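Undergrad: predicted model and sequence below, questions to follow.
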Amino acid sequence: MILIFILVLFALVQLKGVSQLYPGDEQTYHYMASLVADGAVPYQDFFVSQPPLQVYFLSLMFSLFGFSIVALKMVPLLATIGSGVLLYLTAREKFGWQSGIVSVAFFLFSFEVLSKSTFNFGVNLALFFVALGFYLLYVRKQMLFAGLVFGIAGMVRFYAIIPALVIGVLLLVKKRDAFVRFCLGFAGTFVLPNIVLLLVFGSSYYTPVIAYHFLKVAEGTSTFSVFMNILSENWMVLLPLVLLPLLKRRKNFQLPLFIVLAYVVFLVLSKRVFEYYFIPLFYFVSLLTGSIVMQLLRNKNMFRYACVVFLVVAGWFTLGNVIFVENIILGEFAAAQEMATYIDEHSAVGTLLFGDVSTAPLLGLMTGRSLVGNIVDTNGMTFTAGVVDVDVVLDALSAEQDVIVVARPGQSIGNQRRVVDYLETACSVMTFYEDRVEGQFVLYRCTQEII
């Protein structure tokens with residue numbers, strides 16, 4: 001009953017975000033999913049920098065419900081809730097049901113999970129399969145099926161295979177027969193599919209999905225700054241870890257602790273880190289934290305009372321996070337509907353759209369307009385890494401007769417000097433929009449004379 005209460009409370013907090021339209025990376029995956037639902041093939045018909053499973057999963061939502069933002073956003077929300085249930089089942093088996101309850105509360109109400117659980121970044125869906133694979137291995141001891149599920153997680157996001165790599169190394173050292181079964185499962189759903197994709201698509205798969213992530217240029221917010229933000233926003237989940245060496249009962253801590261350390265190393269070494277990358281880390285941290293807190297509460301010493309004070313302060317801090325998420329993170333993006341209405345009123349159905357990676361795909365879905373050349377991902381990193389040729393993009397743009405371009409100054413294409421120069425010389429400004437949270441948007445009209 002306590003678990004159900006926590007899950008329902010979390011769902012109620014997230015309810016507002018399920019129906020809201022936001023500019024962000026998720027809109028690129030929504031639009032790509034609509035292309036797949038219409039018969040397009042990733043890597044062949046459009047650029048995508050991730051493994052294919054998320055896009056195909058979302059395309060199923062389009063096939064069933066059309067462009068329903070609620071249906072699309074239920075995918076990450078249900079995946080997060082499912083991960084919470086699996087976290088409880090895992091912690092209950094290894095540390096007791098009370099630890100399971102505390103672990104779920106820490107995980108679901110950490111700031112990153114609170115603020116990202118209705119956004120299709122792929123991390124929530126990948127984490128569900130990671131959580132399922134970990135449960136099958138850690139609790140059920142089903143090595144083959146655990147390997148299969150971890151492979152599926154990797155086909156959503158490559159960084160989801162970090163626990164599988166840690167598990168593989170430990171099994172190789174301790175249990176060779178279990179290692180073989182685990183690897184057979186993992187090879188069937190990760191290694192073999194990637195080999196097939198490389199053989200079928202060649203460089204069209206290798207360059208964006210594999211090479212691109214090594215070619216990224218370190219820019220924007222530094223890794224150190226991201227880590228500091230994570231610490232300041234999620235201290236209540238992380239703080240109990242410092243007391244881990246003081247505990248006498250540390251059975252079953254080894255594997256999740258190794259996975260936590262592996263994720264930290266991965267994040268430190270990454271050229272570009274985003275805060276939602278930490279969500280899988282918080283899953284395993286919460287598994288440990290729940291047990292640590294319950295052990296301290298059972299002790300009849302000063303740690304017990306300090307722990308009670310900590311939980312009260314953490315609860316108050318979490319309440320502030322909930323209010324912030326409700327009012328700011330899940331606040332209304334009014335400019336989306338205004339821009340969509342303006343495009344409908346000032347262009348024909350055949351007019352194409354192009355532009356900002358976070359907004360143009362959303363407006364395309366809202367207005368039924370197509371994007372120029374299926375160029376969906378215009379993230380600035382694709383240009384700086386050299387995996388997308390700006391000349392190809394400009395040629396595609398200039399070849400169309402009538403295009404509306406959505407730009408955000410300093411972001412995406414709005415940060416590419418050659419694209420900005422083209423817009424200022426070959427196109428005309430239609431209108432400006434100012435959003436309270438997201439800032440300024442500019443709509444350009446690019447037309448070509450018919451010869």
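TA: Arrived safely. Numbers count the residues shown, from 1 in each chain.

Undergrad: which residues does residue 55 contact?
TA: The neighbours of residue 55, taking C-beta atoms under 8 Å, 6 or more residues apart in numbering as the test, are 29, 32-33, 36, 42, 48. Every C-beta, even on glycine, is put in place using the N, C-alpha and C of the backbone.

Undergrad: can you select the buried ones from those in ChimeraX?
TA: Buried subset of the contacts of residue 55, written as a ChimeraX selection, criterion 16 or more other C-beta atoms under 10 Å:
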select :29,32,33,36,42,48
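
Undergrad: ok, of the contacts of residue 55, which one's closest to residue 239?
TA: Lowest distance from residue 239 to these (C-beta to C-beta) belongs to residue 29, with 34.1 Å.

Undergrad: phi, psi for that closest one please.
TA: Reported as degrees, to the nearest 10, the phi and psi values for residue 29 are phi -70, psi -30.

Undergrad: how about stretch 78-96: buried residues?
TA: 79-92, 94-96.

Undergrad: oh sorry, the question was meant for stretch 15-32
TA: Under the neighbour-count criterion of 16+ other C-beta under 10 Å, stretch 15-32 has 16-18, 20-32 buried.

Undergrad: in helices, which of these fall?
TA: By the criterion of DSSP state H, membership of the buried residues of stretch 15-32 in helices covers 16-18, 26-32.

Undergrad: format these as a markdown table; extra columns: pLDDT.
TA: Shown next, in a markdown table, are these (pLDDT from 0 to 100):
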| residue | pLDDT |
| --- | --- |
| 16 | 87 |
| 17 | 88 |
| 18 | 91 |
| 26 | 93 |
| 27 | 94 |
| 28 | 95 |
| 29 | 96 |
| 30 | 96 |
| 31 | 97 |
| 32 | 97 |
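
Undergrad: nearest to residue 367, of these?
TA: For those, the nearest to residue 367 is residue 31 (11.9 Å; C-beta to C-beta).

Undergrad: please name the nearest non-neighbouring residue to that closest one.
TA: Take residue 31 and drop its neighbours on the chain: the residue closest to it by C-beta to C-beta, 6 or more residues apart in numbering is residue 361, 3.5 Å away.

Undergrad: show me which helix or strand of the chain is least confident by mean pLDDT.
TA: Within the chain, confidence by mean pLDDT, DSSP states H and E is lowest for helix 302-324 among all helices and strands, at a mean of 79.

Undergrad: so where is the stretch 101-250 of the chain shaky, pLDDT-wise?
TA: Flagging of the stretch 101-250 of the chain using pLDDT under 70 yields the residue ranges 218-221.

Undergrad: change it to 80
TA: Residue ranges of the stretch 101-250 of the chain with pLDDT under 80: 215-222, 246-250.

Undergrad: just to revisit the earlier point, any buried residues in the helix or strand containing the residue nearest to residue 31, and which?
TA: In the assignment (DSSP states H and E), residue 361 maps to helix 360-367. Using 16+ other C-beta under 10 Å as the test for burial, helix 360-367 gives 360-367.

Undergrad: residues contacting that helix, please?
TA: Outside of helix 360-367, the residues within contact range by C-beta under 8 Å, 6+ apart are 21, 23, 27-28, 30-31, 34, 67, 336-337, 339-340, 343-344, 353-354, 369-371, 376, 378, 405-406.

Undergrad: ditto for stretch 18-32
TA: So stretch 18-32 is in contact with 42, 46, 48, 54-55, 58, 67, 69-70, 72-74, 77, 118-122, 330-333, 336-337, 356-359, 361-362, 364-366, 371, 376-377, 379, 408, 438, going by C-beta under 8 Å, 6+ apart.

Undergrad: quick check: end-to-end length of that stretch?
TA: 20 Å (C-alpha to C-alpha, to the nearest Å).

Undergrad: element containing residue 441?
TA: Using DSSP H and E, residue 441 falls in strand 439-447.

Undergrad: helices and strands around that strand, which ones?
TA: Counting contacts by 3 or more C-beta pairs under 8 Å, 6 or more residues apart in numbering; DSSP states H and E, strand 439-447 is packed against helix 334-346, strand 402-407, helix 417-426, strand 428-435.

Undergrad: again, only using 7 Å
TA: helix 334-346, strand 402-407, strand 428-435 (3 or more C-beta pairs under 7 Å, 6 or more residues apart in numbering; DSSP states H and E).

Undergrad: deepest of these, which one?
TA: strand 402-407 (a mean of 24; mean count of other C-beta atoms under 10 Å).

Undergrad: partner strands of that strand and their direction?
TA: strand 352-355 (parallel), strand 439-447 (antiparallel) (DSSP bridges).

Undergrad: and those strands, which one's lowest on average pLDDT?
TA: With a mean of 92, strand 439-447 has the lowest mean pLDDT of the strands paired with strand 402-407.

Undergrad: and that one, what's buried?
TA: 441-446.

Undergrad: tell me the contacts of the residue lying closest to residue 48 once chain neighbours are set aside?
TA: Once flanking residues are discounted, residue 48 sits nearest to residue 42: 4.8 Å by C-beta to C-beta, 6+ apart. Taking C-beta atoms under 7 Å, 6 or more residues apart in numbering, we find residue 42 in contact with 32, 36, 48, 52, 55.

Undergrad: what does residue 294 give?
TA: Contacts of residue 294 by C-beta under 7 Å, 6+ apart are 96, 98-99, 102.

Undergrad: swap in residue 241?
TA: Residue 241 neighbours (C-beta under 7 Å, 6+ apart): 285, 288-289.

Undergrad: one more time with 8 Å, if that's ok
TA: With C-beta under 8 Å, 6+ apart, residue 241 has these contacts: 285, 288-289, 292.

Undergrad: do the same with residue 358
TA: Residue 358 neighbours (C-beta under 8 Å, 6+ apart): 23-25, 27-28, 408, 411-412.

Undergrad: pLDDT on the helix or strand hosting residue 394, on average?
TA: Using DSSP H and E, residue 394 falls within helix 390-398. Averaging pLDDT along helix 390-398 gives 90.

Undergrad: contact partners of that helix?
TA: By C-beta under 8 Å, 6+ apart, helix 390-398 touches 354, 372-373, 375, 378, 383, 403, 405, 416, 418-419, 422, 426, 446, 448.

Undergrad: before we move on, back to that, now the ones in helices among the buried residues of stretch 15-32 in a markdown table, with distance to residue 224?
TA: Shown next, in a markdown table, are those (distance: C-beta to C-beta, whole Å):
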| residue | distance to residue 224 |
| --- | --- |
| 16 | 33 |
| 17 | 29 |
| 18 | 34 |
| 26 | 27 |
| 27 | 29 |
| 28 | 28 |
| 29 | 29 |
| 30 | 32 |
| 31 | 33 |
| 32 | 32 |
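
Undergrad: how about those residues, which pair is most distant?
TA: 16 and 32 (25.6 Å).

Undergrad: name the SS class of the residue nearest the centre of the chain, please.
TA: In the chain, the C-alpha nearest the mean C-alpha coordinate belongs to residue 121, at 2.7 Å (C-alpha atoms, centre = their mean). Following DSSP: H, G, I helix; E, B strand; the rest coil, residue 121 is assigned to coil.
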